[in-house]
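Q: Turn this into a model:
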Amino acid sequence: MSRAVVRARRETSDAHASHGALWAPIGLVALTFAFFWPLLGAQFTLRDDAITVSRNPAMLGPISEVRRFWTNLQKPDGDIYIPLTQTV
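A: I've put the predicted structure just below:
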């Protein structure tokens, strides 16, 4: 077998490997989305999200409020200590 043939086969093999590497993350994201799709209509997500996150005046305030989310241990907003959620 000539070197040109070996090189061509190797390049073809590398192209297939990189093509497969692209589909793996896309497949994982699609599988995760399909798995969690039923949760979008779940009633438990409506229980306290409006109070804790979307209609909370502290969450809609200025960026200077972020420090308070992490240090207010005695009386957290919505009676739940979730500083990472509040920061995001």
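
Q: I'd like the distance from the least confident helix or strand in the chain by mean pLDDT to the chain centre, please.
A: Within the chain, no helix or strand scores below helix 49, which has a mean of 71 by mean pLDDT, DSSP states H and E. Relative to its parent chain, helix 49 has a centroid offset of 18 Å by Cα atoms, centre = their mean, to the nearest Å.

Q: List the buried residues in the helix or strand just after it.
A: The helix or strand immediately downstream of helix 49 is helix 66-71, counting by DSSP states H and E. Residues F69 are the ones in helix 66-71 that count as buried (16 or more other Cβ atoms under 10 Å). C-beta here means a position set from N, CA and C on the backbone, and glycine is covered the same way.

Q: what sits up against helix 66-71?
A: Residues outside helix 66-71 that contact it (Cβ atoms under 8 Å, 6 or more residues apart in numbering) are A58, D77, P83, Q86, T87.

Q: mind running it again at 6 Å?
A: Helix 66-71 is touched from outside by P83, Q86, T87, with contacts defined as Cβ atoms under 6 Å, 6 or more residues apart in numbering.

Q: how about the following helix or strand past it: buried residues?
A: Heading C-terminal from helix 66-71, the first helix or strand you meet, by DSSP H and E, is helix 83-87. Residues of helix 83-87 classed as buried: P83, Q86 (neighbour count, 16+ other Cβ under 10 Å).

Q: Would you map out the domains in the chain?
A: Following automatic domain parsing, one finds the domains of the chain at 1-40, 42-88.

Q: among those, which is the most enclosed?
A: domain 42-88 (a mean of 12; mean count of other Cβ atoms under 10 Å).

Q: end to end, how far does that domain reach?
A: Terminal residues of domain 42-88 lie 22 Å apart, using Cα to Cα, to the nearest Å.

Q: what about that domain, distance to the chain center?
A: Counting by Cα atoms, centre = their mean, domain 42-88 comes out at 19 Å from the chain centroid.

Q: Adding pLDDT, write the contacts of helix 66-71 out as TSV.
A: Shown next, in TSV, are these (pLDDT from 0 to 100):
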residue	pLDDT
P83	79
Q86	74
T87	77
